[in-house]
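**Q** next comes the sequence, and after it the predicted model I'd like to discuss.
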Amino acid sequence: MVVCRGCCCGDARKNPGTDHAGQLDRLRSAAAEHGFRVRTSDCLGPCDQANVVVVQPSPAGRRAGGRPVWVGFATDDDSTEEVVAWAVAGGPGVAPPPVTLELQFVGPRPPRA
(Lines give C-alpha, C1' and ligand atoms only; values in the text may rest on other atoms or scores of the structure.)
Protein backbone atom coordinates (compact mmCIF):
# COMPACT_ATOMS: atom_id res chain seq x y z
CA MET A 1 0.00 0.00 0.00
CA VAL A 2 1.24 3.47 -0.83
CA VAL A 3 -0.09 6.46 1.09
CA CYS A 4 0.33 9.84 -0.54
CA ARG A 5 1.79 12.46 1.74
CA GLY A 6 2.74 15.05 -0.84
CA CYS A 7 1.60 18.60 -1.35
CA CYS A 8 -2.09 18.06 -0.52
CA CYS A 9 -2.54 14.58 0.92
CA GLY A 10 -1.87 14.56 4.62
CA ASP A 11 -2.16 18.34 4.79
CA ALA A 12 -4.43 19.79 7.46
CA ARG A 13 -4.85 22.95 5.36
CA LYS A 14 -6.38 20.91 2.51
CA ASN A 15 -8.50 18.63 4.72
CA PRO A 16 -8.90 20.20 8.15
CA GLY A 17 -10.41 17.94 10.75
CA THR A 18 -8.81 14.82 9.26
CA ASP A 19 -6.45 12.94 11.55
CA HIS A 20 -3.74 12.43 8.93
CA ALA A 21 -1.16 11.06 11.39
CA GLY A 22 -3.78 8.78 12.93
CA GLN A 23 -4.70 7.43 9.50
CA LEU A 24 -1.11 6.56 8.73
CA ASP A 25 -0.68 5.00 12.18
CA ARG A 26 -3.81 2.86 11.65
CA LEU A 27 -2.63 1.66 8.25
CA ARG A 28 0.85 0.83 9.57
CA SER A 29 -0.58 -0.98 12.58
CA ALA A 30 -2.81 -3.13 10.36
CA ALA A 31 0.13 -3.82 8.03
CA ALA A 32 2.31 -4.99 10.90
CA GLU A 33 -0.47 -7.20 12.23
CA HIS A 34 -1.49 -8.72 8.89
CA GLY A 35 1.75 -8.87 6.94
CA PHE A 36 1.40 -6.27 4.21
CA ARG A 37 3.52 -3.16 3.71
CA VAL A 38 2.68 0.52 3.91
CA ARG A 39 4.92 3.11 2.31
CA THR A 40 4.50 6.84 1.96
CA SER A 41 5.14 8.81 -1.20
CA ASP A 42 5.48 12.38 -2.24
CA CYS A 43 2.71 13.73 -4.41
CA LEU A 44 1.03 11.05 -6.53
CA GLY A 45 -0.85 13.55 -8.67
CA PRO A 46 -4.63 13.67 -8.17
CA CYS A 47 -4.44 16.47 -5.61
CA ASP A 48 -8.10 17.37 -6.00
CA GLN A 49 -8.95 13.91 -4.64
CA ALA A 50 -6.72 13.94 -1.54
CA ASN A 51 -6.03 11.83 0.47
CA VAL A 52 -4.94 9.16 -2.01
CA VAL A 53 -4.10 5.60 -1.00
CA VAL A 54 -2.93 3.01 -3.52
CA VAL A 55 -3.99 -0.51 -2.56
CA GLN A 56 -1.56 -2.95 -4.11
CA PRO A 57 -2.38 -6.59 -4.76
CA SER A 58 -0.83 -9.28 -2.60
CA PRO A 59 1.39 -11.87 -4.32
CA ALA A 60 -1.71 -14.07 -4.73
CA GLY A 61 -3.61 -11.10 -6.10
CA ARG A 62 -0.89 -10.39 -8.66
CA ARG A 63 -0.94 -14.03 -9.78
CA ALA A 64 -4.71 -13.68 -10.21
CA GLY A 65 -4.29 -10.56 -12.36
CA GLY A 66 -4.87 -7.94 -9.67
CA ARG A 67 -3.53 -4.46 -10.32
CA PRO A 68 -2.95 -1.52 -7.97
CA VAL A 69 -6.10 0.44 -7.22
CA TRP A 70 -6.03 4.12 -6.39
CA VAL A 71 -8.51 5.28 -3.74
CA GLY A 72 -9.19 8.99 -3.47
CA PHE A 73 -10.96 11.07 -0.83
CA ALA A 74 -9.70 8.75 1.94
CA THR A 75 -10.07 11.33 4.67
CA ASP A 76 -12.23 9.67 7.31
CA ASP A 77 -12.07 6.67 9.62
CA ASP A 78 -14.63 4.73 7.57
CA SER A 79 -12.51 4.99 4.42
CA THR A 80 -9.40 3.97 6.32
CA GLU A 81 -11.16 0.96 7.84
CA GLU A 82 -12.48 -0.12 4.43
CA VAL A 83 -9.00 0.10 2.92
CA VAL A 84 -7.65 -1.97 5.85
CA ALA A 85 -10.42 -4.56 5.56
CA TRP A 86 -9.84 -4.95 1.82
CA ALA A 87 -6.07 -5.30 2.25
CA VAL A 88 -6.54 -7.85 5.04
CA ALA A 89 -8.96 -9.83 2.83
CA GLY A 90 -6.30 -10.01 0.10
CA GLY A 91 -6.90 -6.82 -1.87
CA PRO A 92 -7.11 -6.49 -5.65
CA GLY A 93 -7.30 -9.78 -7.52
CA VAL A 94 -8.31 -11.76 -4.43
CA ALA A 95 -11.18 -9.98 -2.69
CA PRO A 96 -13.84 -7.62 -3.96
CA PRO A 97 -13.53 -4.12 -2.54
CA PRO A 98 -16.18 -2.78 -0.19
CA VAL A 99 -18.94 -1.33 -2.36
CA THR A 100 -18.73 2.10 -0.76
CA LEU A 101 -14.96 2.19 -1.31
CA GLU A 102 -15.52 1.63 -5.04
CA LEU A 103 -17.13 5.09 -5.14
CA GLN A 104 -13.74 6.54 -4.20
CA PHE A 105 -11.69 4.80 -6.90
CA VAL A 106 -9.52 7.15 -8.93
CA GLY A 107 -8.99 6.21 -12.58
CA PRO A 108 -10.12 3.05 -14.34
CA ARG A 109 -12.00 0.49 -12.37
CA PRO A 110 -10.24 -2.81 -11.80
CA PRO A 111 -11.85 -6.08 -12.91
CA ARG A 112 -13.96 -7.77 -10.30
CA ALA A 113 -12.35 -10.57 -8.29
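**A** Looks like it arrived, so ask away. Numbering: from 1, shown residues only.

**Q** for the rest of this, base every contact and every neighbour count on C-alpha atoms.
**A** Will do.

**Q** next one: phi and psi at the residue with the largest distance to the centre of the chain?
**A** Computed with C-alpha atoms, centre = their mean, the residue of the chain farthest from its C-alpha average is Arg13, at 20.7 Å. Backbone torsions of Arg13, given as degrees, to the nearest 10, read phi -70, psi -30.

**Q** measure it to Ala89 for me?
**A** Arg13 is 33 Å from Ala89, where distance means C-alpha to C-alpha, to the nearest Å.

**Q** ditto for Gly65
**A** Gly65 is 16 Å from Ala89, by C-alpha to C-alpha.

**Q** what do you get for Leu27?
**A** Distance, Leu27 to Ala89, by C-alpha to C-alpha: 14 Å.

**Q** read off the pLDDT value for Cys108.
**A** One correction, residue 108 is Pro, not Cys. Looking at Pro108, its pLDDT stands at 58.

**Q** over to Val71?
**A** Val71 is given a pLDDT of 97.

**Q** so what's it up against?
**A** By C-alpha atoms under 8 Å, 6 or more residues apart in numbering, the contact list for Val71 reads 52-55, 101, 104-106.

**Q** same deal with Thr75?
**A** For Thr75, the contacting residues are 15, 18-20, 50-51, by C-alpha under 8 Å, 6+ apart.

**Q** from these, which is closest to Ser41?
**A** Comparing the contacts of Thr75 against Ser41 with C-alpha to C-alpha places Asn51 closest, at 11.7 Å.

**Q** just confirm the closest one is within a helix.
**A** No: looking at Asn51 with DSSP: H, G, I helix; E, B strand; the rest coil, it is coil, so not inside a helix.

**Q** right, and it touches Ala12 too?
**A** No: at 10.7 Å, Asn51 does not count as touching Ala12 under the criterion of C-alpha atoms under 8 Å.
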